[in-house]
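Asker: All I have is the shape, not the residue letters:
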Ligand SMILES: C[C@@](CO)(OP(=O)(O)O)[C@H](O)COP(=O)(O)OP(=O)(O)OC[C@H]1O[C@@H](n2ccc(N)nc2=O)[C@H](O)[C@@H]1O
Ligand SMILES: Nc1ncnc2c1ncn2[C@@H]1O[C@H](COP(=O)(O)OP(=O)(O)O)[C@@H](O)[C@H]1O
């Protein structure tokens, strides 16, 4: 096999709680992760030289060691003494720096792909540990589906599939850095912590309404204040019939869940023709786990 084509799926956070700040500055979290149907295409080709090259459809994305796919390739080649070069073609559809883990998912695809292309037969645990070196969300991207993510993202527990629903993704035209959001989070009494365990119980019971009733993201306490458009999108989603609306990860993307395709489509067109959104996608949940057969 000389090349491999993969899909790197986006995630949303159905619940995001921060438990404490660690001494190294990172935050211990409890998050309900969910893969959605929006994806980037990642193709990896073995070449006849010894270099790593990256090509992407987004002119503003780096193609050097600052791209997470490049970093993933460096890591694998260094760890397993691979000298053969690889060319990575990245077709981005997931909005960048949006709280949807696009870069993390691309990096996970490269780890997975190089494991296959070079017949490394790496056990799943080793791939997850490599993934964590690239970013807190990369291990989850190697798992996919509905999951509980703890620690800084490395402690993963698969959950039963989240109940069927339609997902509307709304990305406003602002940029918010993950680091900025975590650094400005104040863990005081005013913070409303989501009940992550109640979400898990509702998922087990396949109860969409009850699960949605417990959604929450503590990082909204930073972003909604700084960027009112996030609150406005959340409100418009509810006004157009969403069961719930929430910011994903560190934002600025907001998602709405709908129990009817008709309502979701109506909301889609309202955002498409309105002023609040820069990018709008109507998609669904994506449940298959990533399989590690060689
Ligand atoms: C907020 C979340 C929720 O899923 O996702 P995104 O919004 O980025 O998609 C994650 O916790 C983000 O994961 P990821 O984006 O992989 O984070 P990293 O690249 O490892 O870290 C970026 C920066 O965020 C901060 N950080 C990240 C994770 C964490 N548990 N605590 C932190 O304090 C650190 O300051 C770090 O320098
Ligand atoms: N393959 C990639 N796709 C997207 N962003 C990337 C990639 N490689 C590096 N980056 C950088 O990583 C940052 C975070 O991007 P991304 O993973 O899309 O967002 P988030 O962490 O909010 O989910 C961006 O600022 C971007 O410049």
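Answerer: Everything's here; your move. The shown structure was predicted, so the numbers you read here are calculated from the model rather than taken from an experiment. Ligands and ions are numbered 1, 2, ... in the order given.

Asker: what about residue 279, how many neighbours?
Answerer: 16 (other CB atoms under 10 Å). In short, each C-beta sits where N, CA and C put it, glycine included.

Asker: close enough to count as contact, it and residue 171?
Answerer: Yes - here residue 279 reaches residue 171: they are 4.1 Å apart, a contact under CB atoms under 8 Å.

Asker: Now the common contact residues for these two.
Answerer: Contact with both residue 279 and residue 171 is made by residues residue 95, according to CB atoms under 8 Å, 6 or more residues apart in numbering.

Asker: Need the pLDDT of residue 293.
Answerer: On pLDDT, residue 293 comes in at 70.

Asker: That one: what's it in contact with?
Answerer: Per CB under 8 Å, 6+ apart, neighbours of residue 293: none.

Asker: So it, which state does it fall into?
Answerer: coil (DSSP: H, G, I helix; E, B strand; the rest coil).

Asker: Domain map for the protein?
Answerer: 3-158, 166-284 (automatic domain parsing).

Asker: Show me the one of those domains that comes nearest residue 292.
Answerer: domain 3-158 (5.0 Å; CB to CB).

Asker: Could you dump the domains of the chain into a markdown table and include distance to ligand 1 and mean pLDDT?
Answerer: A markdown table is the format used below for the domains of the chain (distance: least, CB to the nearest ligand atom, whole Å; pLDDT from 0 to 100):
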| stretch | distance to ligand 1 | mean pLDDT |
| --- | --- | --- |
| domain 3-158 | 3 | 97 |
| domain 166-284 | 2 | 97 |
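
Asker: so can I have TSV of these showing distance to residue 292?
Answerer: Listed next are these as TSV, based on distance: least, CB to CB, whole Å:
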stretch	distance to residue 292
domain 3-158	5
domain 166-284	24
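
Asker: how about these, which one is nearest ligand 2?
Answerer: Of all those, it is domain 3-158 that lies closest to ligand 2, at 2.7 Å by CB to the nearest ligand atom.
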